[in-house]
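A.B. asks: requesting a structural model of the entry that follows:
(one chain, ligands or ions: 1)
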Amino acid sequence: MRFLVFYIFLTFSSSLFSQSIIDNSAKIIRSSLEESKGYEWLRELCEIGPRLSGSEESYKAIEWAVEKMKSIGYDTVWLQPVMVPKWVRGNREECSVSEGTDKGKTLSINALGGSIGTDDAGITAPVMEVRNFAELENRKEEAKGKIVFFSRPMDKGLVPTFTAYGGAVDQRSRGAIEAARYGAVGMVMRSITTKYDNNPHVGQMRYNDSLPKIPAAALGYLDSDYLSEAIKKDPSLKLNIKLSARSYPDTLSYNVIGDLKGSDFPDEIVIVSGHFDSWDLGCGAHDDGAPCLQAMEVIDLLKRLNISTKRTIRCILYINEENGVMGGREYGRYADTTSEKHVAAIESDRGAFTPLGFTVDADSLIIKKMQSFLPILESASINWIKKGGSGVDISFIKTAKALIGYYPDPQRYFDFHHSANDTFDAVHPREMQLGTAAIAILAYLLSEEGL
Ligand SMILES: [Zn+2]
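C.D. replies: Down below sits the predicted model:
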């Protein structure tokens, strides 16, 4: 019986795909793992530093990527201009207990992206801890003149960490708005993380123009525990916060776009992509450096293995996903007006961990067709293809038949996300390279089979 199943599987997979597709897919996996090129590029990229939009390092990284694509032998490489917001953290980020039994104790703090700074003296105020916006509204009379401390952690009991993140992230995105609504003078929050250390995890926050803008920052997880206990024991505790963050006028930056021309249908495009900007702590290795280099290596793999593709494979490194999504929007505008046909777009923005699957935003017939690729993709550790969200940047490519998100094991992503923990050594070469192979094989199959 087992032999029969195996025989049927072989017949099924070989009847669906040509021998050259089967052979080339095996070569892609072996070469990706053996040569580890993308991982070595990540080492170079991380040496440049973090890549927040508009920063000097972001321009150096863009130049580096253009040179790398040219040296690989991409058929075309171009820079797509795009205006991006520019926010700078500055050097001063301090938080200390200024009144109370622990007077002088310092807490680990980083401003949230987009936050205003303080003056030299900083803000000094008592702290009001809340778990959510409903609690803040119920106790709104207490908020006036205080620093509101949002302390709800990610839900540890959930298996999908992205769902747990989604359940906590409103504190970061809207916390300063809700705190300012009731007269607070500042807002701090517990870092959204699965790693219980003391490095703050940041990300973009928003203001409401009809409300006062107040400084907003993330505290280390351990110091959040401390603060929660300390204000229970000593309600007179006051914090002093000094931040030097500020926003500058929008500035010119670029998406990096490179093609491997298709032999039969050069105007039909299959995109592999990631966002090239990162937060300014760590070096954005998992978010989203390694995934960008996975996309960049797809074309290198095809070229070094002499695999030609029927359709054009396009690698896009979008700028400014983290604090504006201006790069994704700009490419979306291009996609709306070009005569090229976008067959499919893959985005990798969930870290560079062991491959699990692909989530696809497409109609059910297309998803079914893509599921027929699984016998080939399973050898690169892809277990499933199912309906789901794709990626923030590619969501603007409205004409594509399928928008696809790469989905590696999500259990450790939020240990690193948007923090000083997101460094080169956080990425495991085999995990990253296996993901590169999975994305390359999917792009290759989409090119050869169409949708
Ligand atoms: Zn990202």
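
A.B. asks: buried residues in the lengthiest helix in the chain, which are they?
C.D. replies: Ranked by residue count and defined by DSSP state H, the top helix of the chain is helix 429-449. By neighbour count on 16 or more other CB atoms under 10 Å, the buried set for helix 429-449 is 429, 431-449. For glycine as for every other residue, the C-beta is placed from the backbone atoms N, C-alpha and C.

A.B. asks: quick check: mean pLDDT of it?
C.D. replies: What helix 429-449 shows for mean pLDDT is 98.

A.B. asks: who are the packing partners of whichever helix or strand residue 41 is part of?
C.D. replies: Take DSSP states H and E as the rule and residue 41 turns out to sit in helix 37-48. Under the contact definition 3 or more CB pairs under 8 Å, 6 or more residues apart in numbering; DSSP states H and E, helix 37-48 sits against helix 56-72, helix 290-304, helix 429-449.

A.B. asks: and of those, who's closest to the ion?
C.D. replies: helix 290-304 (7.8 Å; CB to the ion).

A.B. asks: identify each buried residue in the closest one, please.
C.D. replies: So helix 290-304, judged by 16+ other CB under 10 Å, has buried residues 290-302.

A.B. asks: swap in stretch 97-115?
C.D. replies: In terms of neighbour count (16+ other CB under 10 Å), stretch 97-115 has its buried residues at 97-98, 100, 102, 105, 107-115.

A.B. asks: does the ion sit close to that stretch?
C.D. replies: No: judged by CB under 5 Å from the ion, stretch 97-115 and the ion are separated, with a smallest distance of 12.4 Å.

A.B. asks: using PDB, list the CA coordinates for that stretch.
C.D. replies: The C-alpha coordinates for stretch 97-115 follow below in PDB (Å, rounded to 0.1, in the frame of the first residue of the first chain):
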ATOM      1  CA  VAL A  97      12.500  57.800  38.500                       C
ATOM      2  CA  SER A  98      12.500  61.400  39.600                       C
ATOM      3  CA  GLU A  99      10.400  61.100  42.700                       C
ATOM      4  CA  GLY A 100       9.700  58.200  45.000                       C
ATOM      5  CA  THR A 101      11.600  55.500  46.800                       C
ATOM      6  CA  ASP A 102      13.700  54.500  43.800                       C
ATOM      7  CA  LYS A 103      14.600  58.100  42.900                       C
ATOM      8  CA  GLY A 104      17.400  58.100  40.300                       C
ATOM      9  CA  LYS A 105      16.700  54.600  38.900                       C
ATOM     10  CA  THR A 106      17.000  54.600  35.100                       C
ATOM     11  CA  LEU A 107      14.700  52.700  32.800                       C
ATOM     12  CA  SER A 108      15.400  51.400  29.300                       C
ATOM     13  CA  ILE A 109      13.600  53.500  26.800                       C
ATOM     14  CA  ASN A 110      13.400  54.300  23.000                       C
ATOM     15  CA  ALA A 111      11.100  56.800  21.300                       C
ATOM     16  CA  LEU A 112       8.500  55.400  19.100                       C
ATOM     17  CA  GLY A 113       8.900  56.200  15.400                       C
ATOM     18  CA  GLY A 114       7.300  59.600  14.600                       C
ATOM     19  CA  SER A 115       7.300  60.800  18.200                       C
END
